[in-house]
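In: Predicted model, plus sequence, below.
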Amino acid sequence: MIYTPGYYVHQWNLRNAELVEPLYLILVYGCAYSATLALVKTAILIDWCRMFVVGNCRGSYFWWISMIIILVQVTWGIACIVLLNMQCIPHAAIWKFYIPSRCYSLSTVMLISASVQVLSDWSMILLPQKIIWGLQMNWRKKVGVSITFGVGLL
């Protein structure tokens with residue numbers, strides 16, 4: 001993206017042929033982002049399950065809520081990749097905008113994606129709080145640990 005068409009290049013200074021590669025890269029980056037986001041959140045939740053769930057994992061609310069969030073993340077990640085790749089018929093019309101095609105708007109997909117990510121972020125922040133505040137520590141240490149786990153809010 002740095003070299004084609006380059007930063008600080010105004011749209012009116014570009015030819016249509018110079019937009020094909022950046023549009024293709026935007027599609028590839030969008031798919032990679034959707035996959036990476038689901039995998040990172042899954043890794044965090046699995047790590048937290050190893051920390052916070054002791055003994056029988058099936059009886060723990062923490063484990064079940066984590067598995068639900070993981071299921072939602074993985075399902076939406078796959079669905080988002082499919083929706084990004086199916087937005088135009090024929091497929092190449094996504095980045096070759098001059099090909100006659102039928103395309104749908106991605107605004108609804110992006111809104112749903114943002115909603116899923118914000119809801120999963122908030123649920124991941126709130127999930128360990130009950131366990132943290134139940135630990136046998138003074139309140140200052142609890143606040144510190146709680147802030148550490150809630151740093152994702154930023």
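Out: The structure has been received and is ready for your questions.

In: can you count the residues close to Met124?
Out: By other CB atoms under 10 Å, 21 other residues sit near Met124. From N, CA and C alone the C-beta is placed, and that goes for glycine too.

In: That one against Ile70, yeah?
Out: No. At 10.4 Å, Met124 does not count as touching Ile70 under the criterion of CB atoms under 8 Å.

In: Now list whatever residues contact both of the two.
Out: The contact sets of Met124 and Ile70 overlap at Lys41, Leu45 (CB atoms under 8 Å, 6 or more residues apart in numbering).

In: what is the mean pLDDT for the helix or strand containing Ala35?
Out: According to DSSP states H and E, Ala35 maps onto helix 20-52. Across helix 20-52, pLDDT averages out at 91.

In: other SSEs contacting the following helix or strand past it?
Out: Reading on from helix 20-52 to the C-terminus, the next helix or strand found by DSSP H and E is helix 61-85. Under the contact definition 3 or more CB pairs under 8 Å, 6 or more residues apart in numbering; DSSP states H and E, helix 61-85 sits against helix 20-52, helix 107-126.

In: looking at the ones you listed, which is closest to Phe97?
Out: helix 20-52 (6.8 Å; CB to CB).

In: Packing partners of the closest one?
Out: Contact analysis of helix 20-52 by 3+ CB pairs under 8 Å, 6+ apart lists helix 61-85, helix 107-126 as its packing neighbours.

In: How far does it sit from its chain's centre?
Out: Its chain's C-alpha centre and that of helix 20-52 lie 6 Å apart, by CA atoms, centre = their mean, to the nearest Å.

In: and the angle from it to helix 107-126?
Out: Put simply, helix 20-52 runs at 20 degrees to helix 107-126, going by axes from the mean of the first three to the mean of the last three CA atoms, to 10 degrees.

In: got the buried residues for helix 20-52?
Out: By neighbour count on 16 or more other CB atoms under 10 Å, the buried set for helix 20-52 is Leu27, Gly30, Cys31, Ser34, Leu37, Ala38, Lys41, Thr42, Leu45, Trp48, Cys49, Phe52.

In: Stretch 70-90 now?
Out: Of the residues in stretch 70-90, Ile70, Val72, Gln73, Trp76, Gly77, Cys80, Ile81, Leu83, Leu84, Gln87, Cys88 count as buried by neighbour count, 16+ other CB under 10 Å.
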